[in-house]
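Asks: would you be able to build a 3D model of this:
(one chain, ligands or ions: 1)
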Amino acid sequence: MVTILGRAKINLTLDILGLREDGFHEIATVMQSLALADTLTLTRQEEGITLRVDLPGLEADERNLAHRAAALVRKECGIRGGVHIDITKRIPVAAGLAGGSADAAAALRGMNKLYALGLSDAELCVLGAQIGSDIPFSLMGGTVLATGRGEIMQRLADFPATHVVLATPPVAVSTPWAYRSYDANPPAEHPNNAAFLDALARGDRTRCAGLICNVLEPVTEAAHPVIGDYRARMHAHGALCAMMSGSGPTVFGLFAEEQTAAAAAAAFRQETDAAVHLTRTAGRYEERNRGN
Ligand code: ATP
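Replies: Here you go, the predicted structure:
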């Protein structure tokens, strides 16, 4: 039996560079993993893959990304034995935090360990990319520049340790809808990734905070003004910066002090109907069996 964490991510920058011939968007995004994580426990069984998720409504069959990841490893490595996967869900679903990808990455790592397959990180990334563009990032963790469809990874210096408040409003955002809306009406402001990488290399968190930018934020915010409201609240409660993650709808705020972050989280719980998480950035060397 093995227990593995699948960590949430936020996008500190997200740029769309164009539409590719394969129909995907060419993106350039700085991704950051968080301490907030789902826990996956994998147990060997005679045959087949079974899954239990503690969140009613979330698919617990072959559509679940963790199931798909385990099935892919079994097929590619010719494993006859089966696995039972138990998922404790903490990452809000369909929220722009890549919770499904995190679970798939954890299932890949778990199968590698459970069956002592000896697959390298690079080999796991190749398998992960077949299931979803965010999975190679989830396998790497830390701070990464992702390009291409999001599957080409460049390891960056860890973002300075920072407290993070996540506020997920009760609205549904479809990722394909956000990209289509972007195409129909692309916003003028794009992130300056070169400047962000330069500030990150110098460990200059204040400068990084001034450079966060997500081209999908105005797109999703036009349909869901609550995003602008949450961003303003984060600032009012002392955030260094605040922005929507991925295609949304989660808004994150970065905080220098734990106390300020905790007070902001408490205020969000009291004043809004957001699902609120108080967490922190996770560096590349953080153990995969720890989180909060
Ligand atoms: P996207 O990758 O589309 O940006 P997201 O990060 O916003 O997604 P996820 O939490 O990954 O959101 O969920 C996207 C969809 O994936 C969900 O609506 C759900 O139906 C499906 N899904 C499959 N497996 C999982 C899983 N293990 N955890 C969460 N969602 C899953």
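
Asks: what strand or helix carries Ala267?
Replies: Per DSSP states H and E: Ala267 is located in helix 258-271.

Asks: elements contacting the longest helix seen in the chain?
Replies: Secondary structure of the chain read by DSSP state H shows that its longest helix is helix 99-114. Here helix 99-114 touches strand 2-19, strand 25-45, helix 65-77, strand 82-88, helix 121-131, helix 135-140, going by 3 or more CB pairs under 8 Å, 6 or more residues apart in numbering; DSSP states H and E. Any C-beta I mention is one placed from the backbone N, CA and C, and that applies to glycine too.

Asks: reformat the ones you listed as CSV; add mean neighbour count.
Replies: Below are the helices and strands packed on helix 99-114 laid out as CSV (neighbours: other CB atoms under 10 Å):
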stretch, mean neighbour count
strand 2-19, 23
strand 25-45, 21
helix 65-77, 21
strand 82-88, 20
helix 121-131, 18
helix 135-140, 25
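
Asks: ok so, going back, got the angle for the longest helix of the chain vs helix 65-77?
Replies: Calculated by axes from the mean of the first three to the mean of the last three CA atoms, to 10 degrees, helix 99-114 forms an angle of 40 degrees with helix 65-77.

Asks: how about helix 99-114 and the ligand, touching?
Replies: Yes - residues of helix 99-114 are located near the ligand by CB under 6 Å from any ligand atom, namely 99-101, 103.

Asks: of those, which is the most crowded?
Replies: Asp103 (32 neighbours; other CB atoms under 10 Å).

Asks: who's in contact with it?
Replies: Asp103 makes contacts with 6, 38, 40, 64-66, 69, 87, as judged by CB atoms under 8 Å, 6 or more residues apart in numbering.

Asks: go again using 7 Å as the cut-off
Replies: Residues counted as contacts of Asp103 (CB atoms under 7 Å, 6 or more residues apart in numbering) are 6, 38, 40, 65-66, 87.

Asks: just these that are near the ligand?
Replies: Among the contacts of Asp103, the ones lying near the ligand by CB under 6 Å from any ligand atom are 65-66.
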